[in-house]
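*Asks:* 3D model of this:
(chains A and B)
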Amino acid sequence: MKTNETDIILKKFFSDQKQEITDNGFSRRVAQRLPEQKDRTWIVWAFAIVGMTISLLLGISSGLLQNLMANMIHIPINYLISGVFCFPLVGTACYYFFQRKQYSLI
Amino acid sequence: MSNAEDIRWVTQVALLGDKKAFDKLTCKYQSSIRRFFLNLTMGDSQLSDDLAQETFIKAYLNISTFKGISGFSTWLYRIAYNVFYDSTRARKHYDDIDNDIIDYQHQTFNEFSSEKMDIHKALKILRKEEQTAVLLFYMEDKTHKDIARIMNCPLGTAKTYILKGKEKLSVYLKQAGYEN
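*Replies:* Numbering: from 1, shown residues only, chains lettered A, B, ... in the order given. Below you'll find the model as predicted:
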């Protein structure tokens, strides 16, 4: 038998035998047996709060926030609205572009 | 289901100990890992489920050592491979009982036995390493490089296992009258 032909036969043989095994509570049993670990989700919140506090303090102490607020008053309302809407639109477009395989309808 | 998604879940588990993220990984890979064990144990579904559970628990405990050089799936198979060979070594101490009787009993009482007899008969003619390499290559669609990583051997050795396994299986299947 030629190598290529053998490969095709073996691929077919194994794919004929291949089957998906249903979960049937397997994942739940694994989850029950996982050792307890400390919940460290507080780290995310702690870093977020610390980051925001530092940003606010720096913004206030350097006068950047006050300047920003003062300038915002002079910006036309149309620019502000389009600026605000631009972020989620561009963000969503980028997200779907990078995750397009997952959301592909084909 | 992308590799990026795996990395995100792995990061959540490693940094935050997020069990829900690990549950997603378990759900995603349970079928392939259990099938891999089911074929290596010649259809012993109880043993393969025990080994698969051990694999996932070890993966959870050592998830911080996952460097992302290979995919999460390859890393998981590497653990599964080690778990299987550790278990094989441990069970060698209890090999006084005839192996054929054990195989027969397990194959009789598991849900996949009737459909899997052919593949188990075929796999039995191979050496353990050849079985692993052939299963990973033909059934789990792993590349030569990934197989070498999983079996922790040089690329050439992994290729040799597959080649030898292929030669033996082609003769067996020909004799058994299995054709395309």
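*Asks:* Break chain B down into its structural domains.
*Replies:* As given by automatic domain parsing, the domain ranges for chain B are B:1-112, B:125-180.
*Asks:* In CSV: those, plus mean pLDDT and mean neighbour count.
*Replies:* C-beta: built from backbone N, CA, C; applies to glycine. What follows is the domains of chain B, written out as CSV (pLDDT from 0 to 100; neighbours: other CB atoms under 10 Å in any protein chain shown):
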stretch, mean pLDDT, mean neighbour count
domain B:1-112, 83, 17
domain B:125-180, 91, 18
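*Asks:* Contact partners for the closest residue in space to residue B:142 that isn't next to it in sequence?
*Replies:* Leaving aside its sequence neighbours, residue B:142 sits nearest to residue B:136 (CB to CB, 6 or more residues apart in numbering or on different chains; 4.3 Å). With contact set as CB atoms under 8 Å, 6 or more residues apart in numbering or on different chains, residue B:136 has these partners: B:36, B:77, B:142, B:146-147, B:150.
*Asks:* Return the two entries of these that lie farthest from one another.
*Replies:* B:36 and B:146 (13.0 Å; CB to CB).
*Asks:* Quickly list what's touching both of the two.
*Replies:* B:77, B:136.
*Asks:* what are the ranges of the helices in chain B?
*Replies:* Ranges of helices in chain B, per DSSP state H, are B:3-16, B:19-40, B:45-61, B:72-91, B:99-109, B:113-124, B:128-134, B:144-150, B:155-175.
*Asks:* quick one: which of those helices is nearest residue A:90?
*Replies:* That would be helix B:3-16 among the helices of chain B, by CB to CB, at 19.3 Å.
*Asks:* Tell me if the closest one is near chain A.
*Replies:* Yes: on the criterion CB under 8 Å from any CB of the partner chain, helix B:3-16 is in touch with chain A at B:4-5, B:15-16.
*Asks:* Just give me how far that helix sits from the chain centre.
*Replies:* 23 Å (CA atoms, centre = their mean, to the nearest Å).
*Asks:* same deal with stretch A:15-22?
*Replies:* 31 Å.
*Asks:* Counting neighbours, which bits of that stretch end up buried?
*Replies:* By 16 or more other CB atoms under 10 Å in any protein chain shown, the buried positions in stretch A:15-22 come out as A:17, A:21.
*Asks:* close to chain B, is that stretch?
*Replies:* Yes: Stretch A:15-22 lies within reach of chain B by CB under 8 Å from any CB, at A:15, A:17-22.
*Asks:* and the residues you listed, which of them are in helices?
*Replies:* Filtering the residues of stretch A:15-22 next to chain B for helices - DSSP H - leaves A:15, A:17.
*Asks:* got CSV for the residues of stretch A:15-22 next to chain B, with distance to residue A:81 and pLDDT too?
*Replies:* CSV is the format used below for these (distance: CB to CB, whole Å; pLDDT from 0 to 100):
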residue, distance to residue A:81, pLDDT
A:15, 55, 87
A:17, 60, 85
A:18, 55, 88
A:19, 55, 85
A:20, 50, 90
A:21, 53, 91
A:22, 51, 91
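*Asks:* State the distance from the most centrally placed residue in chain B to residue B:161.
*Replies:* Against the mean C-alpha coordinate of chain B, by CA atoms, centre = their mean, the closest residue is residue B:36 at 3.4 Å. Going from residue B:36 to residue B:161 by CB to CB, to the nearest Å gives 15 Å.
*Asks:* same question, residue B:13
*Replies:* Distance from residue B:13 to residue B:161, by CB to CB: 32 Å.
*Asks:* Residue B:162 contacts residue B:135, correct?
*Replies:* No: using CB atoms under 8 Å, residue B:162 is not in contact with residue B:135, being 10.2 Å away.
*Asks:* I am finished for the moment; much appreciated.
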